[in-house]
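Undergrad: Show me how the following folds:
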Amino acid sequence: MIREFKPLSMRKAVIYLFFIFHLSSAISQDWSQYQHDAARTGRTQSEIPPPYRVRWIWAGENLTLRNQMSEPGWPDNLTSVDGYSFPMPDSVNITLSQLMQPVVAQGKVFFGTQEGEVFCISSFDGSTLWKSMVPGGIITSGAVIGNRVVFAGVAGNVMAFDAGTGDTAWSVSLKAAVTGSPCICQNRVFIADHKGRVTALDATSGSLLWQKQLSAPVTGHIAASNSSVFVPCEDMNVYALDQETGAILTANRVKGQGFRMTHPVVSGRYVYITSALTPLMGSEYMMEDVMTASGSLAEEDANIRLWLQGINMPGKWNDASVDWQHLFALDTATLVSPFLIPCGPSEGCGYSPISPVVDHLNRTLCWWKTRYPKLTGSGAFGTAYSLDICGINPDNGNRIPVDNGVFANIIQETDNLYALSSAGKYLWLRQDFRGTQVIDLTNSAARHVVAPIRSVDGGYFNADICYRDQNPPYHFKIGPYITRNQCVTGRTAPAPAGNLVFIAETFGIVAIEHDNSK
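TA: Here you go, the predicted structure:
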């Protein structure tokens, strides 16, 4: 039967075009793999303005709290006020790794649990759409391409599922531990494992394209440009592999003791590599004498660069050593480092330094310990000076301050910083303990979005969202709810997608939206 074509009325045509535009816009604003893309830029065009509220909290396939302020008929009171805790049980039957960032595509949120369950839930209301399994458990993010979502389990099982149904599309066993997220580029899935192998699979069929044996295990994340795959190995060599063949194009050795909890970032002509500091200690009150001796930001950059080369002027700057080097800009074609980035230690407590993020102005931003802050605020716990977020000058490695003439005055402390993601003009910051903050990079306006517990650690946190009012009575537990297993620690940034921001707490997935009631 052939249907007669009838032209749309002007009103219907406008509605149709509006729907098509917003559908394509929503798809373009997906967060389809760890840190958004294969380059691990952590950047999207989505902008979700303050103030904020919870839209829903998914805490297991049979428990989703839905904010009665968000949609008509939704039942739960998720308005954070002094003295009130959300109606959550004290414990949940799942555990989400702190290394895991949810991925979002086509109106669905995908994530895995340490117990090995893979979930697909609705981004609209948090309802569970399907569940599957990856043997051995999952501690990192999945990756979506087309109608496939790919997860890599700790035990080396790499599995692709139909994004719509959850049916297994293909499965490959690497027979080695995997603790980095899959990287998808040009219909290829790249996985690195603890046996030092990088495996390339066809994203559609799972067929082996190539496998390359490197010289040491790979424990952190990998990244890709359109032609190369960048792989940091635990012998401190960074490799560039040809995407099509797996051939080693070039390699370079950097300082540090490993790449756990870090990811490369491809930005402009460089791949930025972050390593775990060689010293085991934290960064509290480290490099203070260098900052004291610096009379300007430019002099501070110069002095820190000397300190990072082991020059102690002589005996005036304690602890000067090349072993504090941890941030490197490597040319994507040669992996040659053209300059030393004067970025001193700012992390500890068993955590690696936070990897950079690319913002809406193409600045590559990272944390800097400094006497001369311009964005975050003056003063921080664990230092006589400050911690700031600045760009890296691609010509010489020096700082490019984000200077709006006013401080954001965010909560911060050395050894306990925030993972970063970028959503339009907004910079999102998150860690499991202090919660989630956001800064408008155009005017430094900042907001404390999430404090998991309002009153904890001797402080009171008046964030937009507080799951629980008081510290729970389990002395061994800092977080608000008991999970099925002990979580794997780490720091991952929020995942902004469309008009929502998604974060993975150890007890579930939280969707955050603009609060239009304020």
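
Undergrad: Please make it C-alpha for all contacts and neighbour counts, starting now.
TA: Fine.

Undergrad: Got the confidence number for Thr199?
TA: pLDDT for Thr199: 98.

Undergrad: So what's the residue count around the nearest residue to it once chain neighbours are set aside?
TA: The spatial neighbour of Thr199 that comes closest, neighbours along the chain excluded (Cα to Cα, 6 or more residues apart in numbering), is Gln211 at 4.4 Å. By the criterion of other Cα atoms under 10 Å, Gln211 has 17 neighbours.

Undergrad: Quick check, Gln211 in contact with Val198.
TA: Yes - between Gln211 and Val198 there is a contact at 5.6 Å, judged by Cα atoms under 8 Å.

Undergrad: In the protein, which strand is the longest?
TA: Criterion DSSP state E: the longest strand present in the chain is strand 446-456.

Undergrad: Please identify the pairing partners of that strand and their relative orientation?
TA: Under the criterion DSSP bridges, strand 446-456 sits next to strand 435-440 (antiparallel), strand 459-460 (antiparallel), strand 465-470 (parallel) in its sheet.

Undergrad: Number of residues surrounding the residue nearest to Val456 when sequence neighbours are not counted?
TA: Excluding the flanking residues, the one nearest Val456 by Cα to Cα, 6+ apart is Asn471, at 5.4 Å. Neighbourhood size, Asn471 [other Cα under 10 Å]: 18.

Undergrad: How about Ala497?
TA: By other Cα under 10 Å, 28 other residues sit near Ala497.

Undergrad: which residues touch Met195?
TA: Small correction: residue 195 is Lys, not Met. Ala176, Ala177, Ala216, Pro217, Val218 (Cα atoms under 8 Å, 6 or more residues apart in numbering).

Undergrad: what secondary structure does the fourth one sit in?
TA: What it means is Pro217. coil (DSSP: H, G, I helix; E, B strand; the rest coil).

Undergrad: these two touch, right, it and Val231?
TA: No - between Pro217 and Val231 there is no contact under Cα under 8 Å: 10.3 Å.

Undergrad: Compare neighbour counts for these two and give me the winner.
TA: Higher neighbour count among Pro217 and Val231: Val231, with 27 against 22, using other Cα under 10 Å.

Undergrad: Show the average pLDDT along the host helix or strand of the more buried one.
TA: Val231 is part of strand 228-232 when elements are defined by DSSP states H and E. Taken as a whole, strand 228-232 has an average pLDDT of 98.

Undergrad: From the contact counts, what lies against it?
TA: Counting contacts by 3 or more Cα pairs under 8 Å, 6 or more residues apart in numbering; DSSP states H and E, strand 228-232 is packed against strand 223-224, strand 237-242.

Undergrad: His194 versus Leu174, what's the distance?
TA: Distance of Leu174 to His194, given as Cα to Cα, to the nearest Å: 10 Å.

Undergrad: now do Ser46
TA: On the measure of Cα to Cα, Ser46 and His194 end up 35 Å apart.

Undergrad: ok, now Ser283?
TA: For Ser283 relative to His194 (Cα to Cα), the value is 28 Å.

Undergrad: Roughly how far does Asn516 sit from Gln309?
TA: Counting by Cα to Cα - Asn516 and Gln309 are separated by 52 Å.

Undergrad: In a markdown table: the strands paired with strand 446-456, plus mean neighbour count and mean pLDDT.
TA: Putting the strands paired with strand 446-456 into a markdown table (neighbours: other Cα atoms under 10 Å; pLDDT from 0 to 100) gives the following:
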| stretch | mean neighbour count | mean pLDDT |
| --- | --- | --- |
| strand 435-440 | 22 | 97 |
| strand 459-460 | 11 | 82 |
| strand 465-470 | 23 | 95 |
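
Undergrad: Columns distance to Gly142 on top of those, output as CSV?
TA: CSV is the format used below for the strands paired with strand 446-456 (distance: least, Cα to Cα, whole Å):
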stretch, distance to Gly142
strand 435-440, 22
strand 459-460, 35
strand 465-470, 26
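
Undergrad: how about those, which one is nearest Arg40?
TA: Arg40 sits nearest to strand 435-440 of all the strands paired with strand 446-456, at 19.5 Å, using Cα to Cα.

Undergrad: how distant is that closest one from the center of its chain?
TA: Counting by Cα atoms, centre = their mean, to the nearest Å, strand 435-440 is centred 13 Å from the centre of its parent chain.

Undergrad: what comes into contact with it?
TA: For strand 435-440, with Cα under 8 Å, 6+ apart as the criterion, the contacting residues are 408, 410, 425-430, 445-452, 494.

Undergrad: do the same with stretch 371-388
TA: Applying Cα under 8 Å, 6+ apart, the contact partners of stretch 371-388 are 283-286, 288, 291-292, 296-297, 300, 346, 367-370, 389-390, 401-415, 444.

Undergrad: Convert it to PDB, retaining C-alpha atoms only.
TA: Provided in PDB are the C-alpha atoms of stretch 371-388 (Å, rounded to 0.1, in the frame of the first residue of the first chain):
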ATOM      1  CA  ARG A 371      51.400  31.300  46.400                       C
ATOM      2  CA  TYR A 372      49.500  33.200  43.700                       C
ATOM      3  CA  PRO A 373      46.000  31.800  43.100                       C
ATOM      4  CA  LYS A 374      43.700  33.500  40.600                       C
ATOM      5  CA  LEU A 375      40.600  31.200  40.400                       C
ATOM      6  CA  THR A 376      40.000  28.800  43.300                       C
ATOM      7  CA  GLY A 377      40.700  31.000  46.400                       C
ATOM      8  CA  SER A 378      43.300  32.000  48.900                       C
ATOM      9  CA  GLY A 379      44.400  29.300  51.400                       C
ATOM     10  CA  ALA A 380      43.900  25.600  51.600                       C
ATOM     11  CA  PHE A 381      44.200  22.900  54.300                       C
ATOM     12  CA  GLY A 382      47.700  21.400  54.300                       C
ATOM     13  CA  THR A 383      49.600  24.300  52.900                       C
ATOM     14  CA  ALA A 384      50.600  27.800  54.000                       C
ATOM     15  CA  TYR A 385      49.600  28.900  50.500                       C
ATOM     16  CA  SER A 386      47.000  27.800  48.000                       C
ATOM     17  CA  LEU A 387      45.900  25.300  45.400                       C
ATOM     18  CA  ASP A 388      44.700  26.700  42.000                       C
END
